[in-house]
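Engineer: structure, please.
(chains A and B)
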Amino acid sequence: MSIARWSETLISTLRDDPQDAEIPSHKLMVRAGLIRKLSGGLYTFMPLGCKALRRVEAIVRQEMDRAGALEILMPALQPREIWEQSGRYDIMGDVMFKLQDRQKRELALGPTHEEVVTLLAAAELKSYRQLPRTLYQIQTKFRDEIRPRFGLMRAKEFIMKDAYSFDRSWDAADESYRKMYEAYLRAFARCGLRVKVVEADTGAMGGQWSHEFMVLADSGEDGIVECDACAYAANLERAERAFPELEPYPDSDKAPEQVSTPNAKTIGQVAAFLKCPPERLIKTLIYNVDGRTVAILAPGDRDVNEHKLARALEARDLALADDETIAAATGGPVGFSGPIGLTIPVYADTALKGLRGAVTGANRVDTHVLNVDLDRDAAIEAWHDICFAENDDRCPRCAAGKLREKRGIEVGHVFKLGTKYTEAFSARFLDEDGQSEAMIMGCYGIGVTRTLQSVIEQSHDEKGIVWPMSIAPYPVAILNLTPGKPDCVEATQTLARELDEAGLDVLIDDRDERPGVKFADADLLGFPIRVVVSERSLAGGNVEIKLRTEKATPVIEKDNAALKIRQIYQDSIKALIL
RNA sequence: CGGGGCGUAGCGCAGCCUGGCAGCGCGUCAGCUUUGGGAGCUGAAAGUCGUGGGUUCGAAUCCCACCGCCCCGACCA
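Structural biologist: Below is the predicted model of the structure:
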């Protein structure tokens, strides 16, 4: 492939952690000289970082091609109108970078490409004979993130592989989805990443269902739960839970009774004042949902999950009501709301079904109600699972399991979109009977730059990066410890040439530096195979081959080194293929 | 947008409280010595102390405003 000399490239390593980095992968990417910050959420890829990035892209591209997807490249600049046409201009409005051209035409830098690709499909795919088709691109996306952070993890500008499938039927769409899902598993495995697939919320993308590919990491921005007994796993935004039978409280048949609870507004204060456990309290939250006011009931010890709530109520817009709205809707001040006697619709979390002897607000200042039986005392419009799942909750899919909470980095997301966009853009085809039908669509994203950083987050030690063989900027680094000695130079060159001819990228550390510096840099940069050429080993006709993942430093006859290294390389690459 | 922290040489930091010559370590450059896990000595280059205003004989230091970066939250494919 190619031979690079340290003295001729641009590799600047830092001894100290950068002041503005928090998580290991971000610190290491900067220390190893892979990236440099231009401004918040904007980074330059340095030569080594660029090489690693291209390797991730190459793997993703190969797996897309293998799955039959077709590469295209769409514009990053998009006219405003297409976002209005899909109805997402308002939803995505704040995350889009907007600008005008000199004709005052309004444009946006694409945060994603459903609109553009669906327009394309509408124009080009006209017959069932042309289906199915999956189109993809690897391109820079722009999002005005509220808070960019962790280096490439959440940046304003990042590289994404996005694919879009178009099918003639729902069954065929499921098949396209399955192909992408499997391509994703292969791609991440080849990158040396261990991923967990979870059921996910579709959010602003819409559609029927979706799966996220998560890299488990403490620094992950997403909460997920997984069952300790079965395969169930889900993003917390979506995660369900099972509802065990409730133990009745003593005297739970008593009639409701108002009690004075001066200044006790929060669950904690009321529970302490009445000396009862928080789970016996019912939280009553007043929400504005698409312009109407509703009451939401949740167990006192649980938080309402607005993603699940929005889905349950099929709501577009949802927010906690302000104090005036609460007073008008309940007749009482904030902190003392309860379901009894309300005229607005009341929705309750399923966990409350059958609860008797509960405590609620009385819709009156400093007053709560004891002995509440929701079925008897309140008018519940509907019961839904609308609270966050928590650690130790019972699994919703199997009888035996409990849910465990983890943190994850979302590196991929696949959506079954259905006809949301194809209807909006009239992306229709003629079937065998000459009938016009909307295409069924799916979309599939991989955060390429985020994937790269995730690899480091998942694979490093106290000395530096530990690259998987497949995406290391250079799989092999040859450290020439005495670049002044002709025989060391000669042996280094020969080995490098042999490896180059065998198809490996090689970096020669030819700097006039002390050995310790070279070792430390090689560890920091994480080359999977480190070869040392020195007078000492050369005296016996040998070189040293050390793997970044191993402690030992075996020597090998220098004439056999290239073959051995090639073998290690190939075995290692093979081990990453599913 | 709310809360907190930071901004001084390429990088990491001290100095600020209590105003008085702009400092340290690493890196960079030159020379000598050294050479298997971030070497030693000597010398050198390099700073609008984030920006603007104010107080003062005098401001990195005190006051006001703004900007940038980081963290927590809200928010978010």
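Engineer: rest of the way, CA atoms for contacts and neighbours
Structural biologist: Fine.
Engineer: which residues of the stretch 51-200 of chain A lie near RNA strand B?
Structural biologist: Near RNA strand B, the residues belonging to the stretch 51-200 of chain A are A:91-92, A:95, A:111-113, A:145-151, A:160, A:162 when assessed by CA under 7 Å from any atom of the strand.
Engineer: in chain A, which strand has the most residues?
Structural biologist: strand A:403-418 (DSSP state E).
Engineer: are it and RNA strand B in contact anywhere?
Structural biologist: Yes: contact of strand A:403-418 with RNA strand B is found when judged by CA under 7 Å from any atom of the strand, involving A:H413.
Engineer: need the residues that contact the following helix or strand past that strand.
Structural biologist: Of the helices and strands lying after strand A:403-418 in sequence (DSSP states H and E), the nearest is helix A:420-424. Outside of helix A:420-424, the residues that reach it under the criterion CA atoms under 8 Å, 6 or more residues apart in numbering are A:85-86, A:114-115, A:118, A:122, A:206-207, A:427-428, A:438-441.
Engineer: so how far is A:T13 from the closest residue to RNA strand B within chain A?
Structural biologist: RNA strand B sits closest to A:G516 of chain A, with a gap of 2.9 Å, by CA to the nearest atom of the strand. Spatial separation of A:G516 from A:T13 under the definition CA to CA, to the nearest Å is 14 Å.
Engineer: compare these two (neighbour count), which wins?
Structural biologist: Neighbours were counted for A:G516 and for A:T13 using other CA atoms under 10 Å; A:T13 has more, 16 against 10.
Engineer: please produce a PyMOL select command covering the buried subset of the residues of the stretch 51-200 of chain A next to RNA strand B.
Structural biologist: Selecting just the buried residues from these in PyMOL takes one command, with 16 or more other CA atoms under 10 Å as the test:
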select buried, chain A and resi 95+111+112+113+145+148+149+150+151+160+162
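Engineer: from the residues of the stretch 51-200 of chain A next to RNA strand B, which ones fall inside strands?
Structural biologist: Among these, the members falling in strands (DSSP E) are A:160, A:162.
Engineer: burial of A:D65, as a residue count?
Structural biologist: Other residues near A:D65 come to 16 when the count uses other CA under 10 Å.
Engineer: shouldn't it be within a helix?
Structural biologist: Yes: secondary structure assignment places A:D65 in a helix (DSSP: H, G, I helix; E, B strand; the rest coil).
Engineer: which one is it nearest to, not counting chain neighbours?
Structural biologist: When the adjacent residues along the chain are set aside, A:D65 lies closest to A:E71, with 7.7 Å between them (CA to CA, 6 or more residues apart in numbering).
Engineer: also A:A255?
Structural biologist: Residue nearest to A:A255 in three dimensions, not counting chain neighbours: A:N371, with 6.1 Å by CA to CA, 6+ apart.
Engineer: what do you get for A:E84?
Structural biologist: With sequence-adjacent residues excluded and distances taken as CA to CA, 6+ apart, A:E84 is closest to A:D90, at 7.9 Å.
Engineer: repeat that for A:K179.
Structural biologist: Setting aside the residues directly before and after it, A:K179 is nearest to A:A67 in space (CA to CA, 6+ apart), at 6.3 Å.
Engineer: so which of the residues of the stretch 51-200 of chain A next to RNA strand B belong to helices?
Structural biologist: Using DSSP state H to define helices, the subset of those located there is A:91-92.
Engineer: how many other residues sit next to A:P47?
Structural biologist: A:P47 is surrounded by 16 other residues when neighbours are defined as other CA under 10 Å.
Engineer: then the one 10 residues further on?
Structural biologist: For A:E57, the number of neighbouring residues by other CA under 10 Å comes to 23.
Engineer: helix, strand, or coil at it?
Structural biologist: Local secondary structure at A:E57 is given as helix here, using three-state DSSP.
Engineer: does the residue nearest to A:A255 sit in a helix, a strand or a coil?
Structural biologist: Using three-state DSSP as the criterion, the local structure at A:N371 reads strand.
Engineer: now do the contacts for it.
Structural biologist: With CA under 8 Å, 6+ apart as the criterion, the residues that contact A:N371 are A:251-257, A:356-359.
Engineer: what's the answer for A:H368, then?
Structural biologist: Taking CA under 8 Å, 6+ apart, one finds A:258-261, A:336, A:359-362 in contact with A:H368.
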